[in-house]
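**Student:** Mind folding the following:
(2 chains)
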Amino acid sequence: MNASTVRGKSTAVQILVVTLAKITGLVKIPLRTNSGRIGLVIIAVYSITVIFGPWLTPYIPTEYDLDHRFESPSLSHLFGTDHNGRDVLSRVIAGARSIIWISVIGTAMGIFLGTIIGITSGYLGGWFDQIAMRAMDFLLSFPSLLLALLLITIGLQRTALDESWLIIAVIGIAFTPNNSRVIRSAALTIKPLEFVENARLRGEPLYHIVLKEILPNIIPVIGVEASLRLSFALLLTASLGFLGLGVQPPQPDWGLMVNESRSHLALAPWASLAPAFAMGTLVIGVNLFADGIRQSLQLPEDRGQK
Amino acid sequence: MGLDRHPVERYAVWIKNAVQGDLGMAARGGASINSMVKSRLPNSALLAAVAFIIAVPTSLLGGVLAGTRPDTKLDRILSIGSLLAISIPEFIIGVILMMVFATKLGWFPSSSILLPGETILGSPKILVLPTLTITGALFAYILRMARANVIEVMESNYVRTAILKGLSMRRVVFKHVLPNAMIPTITVIANNVGWMFGGIIVVEFVFAYPGIGSLLIMAIDTRDMRMLQSTALVIAAIYAFANLAADLLYGLLNPRVRVGQ
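**Tutor:** Below is the predicted model of the structure:
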């Protein structure tokens, strides 16, 4: 009893150590290039903002202060105030949370579905491949923004989900086809290798071949794909917020902030520029990170579309 | 409007009329959706066409210049500039252009609203900022693709042979590099025609441009489901045709992927 729990613990610790080592090994790949290093620093800064956001805001992001409307940037309001006297810096910091969470969860969902569908149909081929890929073609026949607009409008009327969850679902659905295509073609290059053949002849079940034999060998491809899709997800979420279909007021959202303050461009340009700047640096960071993985592994430039 | 009938039946009737070219009546204003689409689609097409005509040659030129001289100063500037442009959503490019050229300098109007009786061609100034916004996004994207493809071809054996047998650099680039680097790039451009009709929705909204995209947003705001269905159908149809054209063009340019015969 005791021995078995101890052994159980030690294997659990071993698995944890091995996984951690693998993750640090993977993170080191983009660090071989300058773009990867800059990208990782930017991503780290935004991660801190997301985690500690509520403690970092100097003012309450949603609090009106009508005596101090349209104030230009100063020491008390680093990025100035907007048309309702709200502190722009606090709103930018608080707004990072929703957009990053939505994009990360949505991208993770799309990558998860895309990986499973992509590897399975690449490995199996035949009728499964045909049906899966034609289903993906069907989803690809809409521009992703149009698909998002349609699904969110219908979802708001017909389901109890709010905008954030609908956007997450839309990103997951809209990005699955492209992900699965890229991952399928990566799986096709692994499929004819001897160790896969070996596992098949050993009589391993499908999930073992997909998850234990093929998946570990295409992790870098998935990494590049995930960071590229994350940058598209951020752009899509911001655009939806700008169109008024994202996070609803008074909650701060970068896209919505640009939309709300664009009628006061002459009076308070900082209220539009601050969220725009935050958006730009974040996506540049993610793109640089993707470039870093690609350069150090010498993968070809992505030929996918937005 | 037949609101007393079952939604499925109403949808079937709408589909039956839509395939015959009748999209039905708008929920408000008493106009037919056909006439609204017909008056706005040419505006969107004009915007897309002008942006395309400006973006494609300039970005190809930029891509070839950067790709044939990788890691020079020019390449760095173009690469960093295009990375910036693809990292900013279209609406932010639009708002920044608006801030500089409409609010500060006052050269162009900040909104593209047409008064009744006016046409785009009668007041071409309103076309400038929306066009620039779309051009910016397209330019960066095509430039990056062209650059990557040119670099790939430059490293190939047949280009090395061409250089080694003493051809001038100009001849190598025009005879050997360009035709081969352009095949994948042109596919990307054709795919972008479809993407543009998605991105155009946001840009038209920013500038209140009277096109099909702002009609779609109006349909969402007023909950006019029939108008939403119709505009989405029109945009998706254009997108599908653009993708078909891209596939056909690819076969035309690259004999290796042709099937059948």
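**Student:** Can you report how many residues neighbour residue B:74?
**Tutor:** When neighbours are counted by other CB atoms under 10 Å in any protein chain shown, residue B:74 registers 12. Bear in mind the C-beta positions are built from the backbone N, C-alpha and C, glycine included.
**Student:** need the longest helix for chain B.
**Tutor:** helix B:33-68 (DSSP state H).
**Student:** what's the nearest residue to residue 99 if we skip its chain neighbours?
**Tutor:** Using chain A. Once flanking residues are discounted, residue A:99 sits nearest to residue A:237: 5.2 Å by CB to CB, 6 or more residues apart in numbering or on different chains.
**Student:** that's the other chain; I wanted chain B
**Tutor:** For residue B:99, the spatially nearest residue (CB to CB, 6+ apart) is residue A:265, at 5.0 Å.
**Student:** so residue A:61 sits in a strand?
**Tutor:** No: counting by DSSP: H, G, I helix; E, B strand; the rest coil, residue A:61 is not part of a strand but coil.
**Student:** separation between it and residue A:275?
**Tutor:** Residue A:61 sits 12 Å away from residue A:275, going by CB to CB, to the nearest Å.
**Student:** same thing with residue A:139?
**Tutor:** Relative to residue A:275, and taking CB to CB, residue A:139 is found at 31 Å.
**Student:** quick one: which of those two has more around it?
**Tutor:** When residue A:139 and residue A:275 are compared for neighbours, residue A:275 comes out ahead with 31 against 16, by other CB under 10 Å.
**Student:** pretty sure the residue nearest to residue B:99 is touching residue B:97, no?
**Tutor:** No: Residue A:265 is not in contact with residue B:97 according to CB atoms under 8 Å; the separation is 11.0 Å.
**Student:** Now do the same contact list for residue 56.
**Tutor:** Picked chain A for this. A:49, A:93 (CB atoms under 8 Å, 6 or more residues apart in numbering or on different chains).
**Student:** my bad, chain B
**Tutor:** Residue B:56 is in contact with B:138, B:142, B:189, counting by CB under 8 Å, 6+ apart.
**Student:** With secondary structure and neighbour count as new columns, can those be given to me in CSV?
**Tutor:** Putting the contacts of residue B:56 into CSV (DSSP: H, G, I helix; E, B strand; the rest coil; neighbours: other CB atoms under 10 Å in any protein chain shown) gives the following:
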residue, secondary structure, neighbour count
B:138, helix, 25
B:142, helix, 24
B:189, helix, 22
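**Student:** Out of the helices and strands in the chain, which is least certain?
**Tutor:** Since no chain was named, I'll use chain A. helix A:2-28 (a mean of 69; mean pLDDT, DSSP states H and E).
**Student:** Oops, wrong one, chain B.
**Tutor:** Quick look at chain B via mean pLDDT, DSSP H and E: least confident is helix B:178-207, a mean of 77.
**Student:** hmm, back to that, give me the pLDDT value at the residue nearest to residue B:99.
**Tutor:** We note a pLDDT of 74 for residue A:265 in this prediction.
**Student:** tally of neighbours for it?
**Tutor:** 20.
**Student:** thinking again about what came up before, okay, the angle between the least confident helix or strand of chain B and helix B:33-68?
**Tutor:** 130 degrees (axes from the mean of the first three to the mean of the last three CA atoms, to 10 degrees).
**Student:** buried set for helix B:178-207?
**Tutor:** B:178, B:180-207 (16 or more other CB atoms under 10 Å in any protein chain shown).
**Student:** Residues in contact with the next helix or strand after it: which ones?
**Tutor:** Sequence order places helix B:212-221 as the next helix or strand after helix B:178-207, per DSSP states H and E. Helix B:212-221 is contacted from outside by A:146, A:149, A:153, A:243-245, B:36-37, B:40-41, B:43-44, B:197, B:200-205, B:208, B:224-225, B:227-228, B:231-232, B:234-235, using CB under 8 Å, 6+ apart.
**Student:** Ok, stretch A:25-45 next?
**Tutor:** A:219-220, A:223, A:281-282, A:284-293, A:295-297.
**Student:** one more time with 6 Å
**Tutor:** Residues from elsewhere that reach stretch A:25-45, judged by CB atoms under 6 Å, 6 or more residues apart in numbering or on different chains: A:285, A:288-289, A:291-293, A:295-296.
**Student:** Just the C-alphas of it, formatted as CSV.
**Tutor:** What follows is stretch A:25-45 as a C-alpha-only set of coordinates in CSV (Å, rounded to 0.1, in the frame of the first residue of the first chain):
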residue,chain,number,x,y,z
GLY,A,25,12.9,22.8,-24.4
LEU,A,26,10.1,23.9,-26.7
VAL,A,27,10.1,27.5,-25.5
LYS,A,28,13.8,27.6,-26.1
ILE,A,29,13.3,27.0,-29.9
PRO,A,30,12.1,30.5,-30.7
LEU,A,31,14.7,32.0,-28.4
ARG,A,32,17.4,31.2,-30.9
THR,A,33,16.4,34.2,-33.0
ASN,A,34,16.1,37.9,-32.2
SER,A,35,12.4,38.0,-33.3
GLY,A,36,11.6,35.1,-31.0
ARG,A,37,13.3,36.9,-28.0
ILE,A,38,11.5,40.2,-28.6
GLY,A,39,8.2,38.4,-29.2
LEU,A,40,8.5,36.4,-25.9
VAL,A,41,9.3,39.6,-23.9
ILE,A,42,6.2,41.3,-25.3
ILE,A,43,4.0,38.2,-24.7
ALA,A,44,5.4,38.0,-21.1
VAL,A,45,4.6,41.7,-20.4
